[in-house]
Structures are given as C-alpha cells and as structure tokens.
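Visitor: prediction below, plus the sequence it came from.
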Amino acid sequence: MATAAKKKTKKIKQPLPRTAYRRNAETYKILANPKRLEILNLLREQEMSCEELVRTLGVSKANVSQHLALLRYADLVTVRREGTSAYYNIIDPRIVEPCRILHQLALGK
C-alpha cells in the first residue's frame, strides 16, 4: 500500500450560531435569580404593576424595579404605561418552562 486511506470526518452543523450561545449565557445569568424567576412566573399568569409585584413578593419597590430593569434589558418583559402606573408583561411565557420542568423533576414527576 502506497498510502493509508484518509479517514473522512463528517462536519457537524452547529444547531445555533455561536453568537446565540453567548447571548443565551447572558440571559441565563439574568435568570439565575430566584426573585426574577418568581417575577416571570407571576407575569406569565397576568400583567402586573410594579406596586402589585411589590405587595406579592414582599420586597421593596427599589428591589423590584432593579429586577424589572434587568428583565427589560434582556428583552424578557415589556412595560405599558398608563398615567403614572407602569404595567409589566412577559414577552414570551415559554421562558419560564425550564423553571417549571426543573420543579417537576425535583418533585419526582
């Protein structure tokens, strides 16, 4: 034999562009906070004002506002203003599905 047969390697197509992984990692960092996950799960059920979130979560308005600002920055929630009130909505309710799946796995379901 003059030369050994070259092994052909199959090129694997990336499921997502690498930029998507970097962006997703940044979003996961923002989601890695229990209060922000709680806010998203509440907003999955209904639109809520900052004041309603403060009462429901039992934390300060400043704290809720900081969480909402990060969620807005990550394009996970939107805000609708009505007079002096701001109402928040989740952009896509599917974002909380991993939270619900992990909860069910912890319960053994």
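Guide: Noted; the coordinates are in hand. Numbers count the residues shown, from 1 in each chain.
Visitor: the lowest-mean-pLDDT helix or strand in the chain packs against which elements?
Guide: Least confident element among the helices and strands of the chain, by mean pLDDT, DSSP states H and E: helix 97-106 (a mean of 91). With contacts defined as 3 or more CB pairs under 8 Å, 6 or more residues apart in numbering; DSSP states H and E, the packing partners of helix 97-106 are helix 34-45. Yep, even glycine has a C-beta here, placed from its N, CA and C like the rest.
Visitor: so for the following helix or strand past the helix it packs on, mean pLDDT?
Guide: For helix 34-45, the following helix or strand on the C-terminal side (DSSP states H and E) is strand 48-49. The average pLDDT within strand 48-49 is 98.
Visitor: what are the contacting residues of the next helix or strand along the chain from strand 48-49?
Guide: Note on strand 48-49: by DSSP H and E, the next helix or strand toward the C-terminus is helix 50-57. Residues outside helix 50-57 that contact it (CB atoms under 8 Å, 6 or more residues apart in numbering): 35, 38-39, 42, 48, 60-61, 64-65, 68, 85-86, 88.
Visitor: contacts made by the next helix or strand after helix 50-57 with the rest, please.
Guide: Next helix or strand after helix 50-57 toward the C-terminus (DSSP H and E): helix 61-73. For helix 61-73, the external contacting residues (CB under 8 Å, 6+ apart) are 30, 33, 35-36, 39-40, 50-51, 53-54, 57, 77-79, 88.
Visitor: and the two most separated of those?
Guide: Ile30 and Glu51 (22.7 Å; CB to CB).
Visitor: need the buried ones from the contacts of helix 61-73 selected in ChimeraX.
Guide: Applied in ChimeraX, the following selects the buried portion of those according to 16 or more other CB atoms under 10 Å:
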select :36,39,40,50,53,54,77,88
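Visitor: Ala86 in helix, strand or coil?
Guide: strand (DSSP: H, G, I helix; E, B strand; the rest coil).
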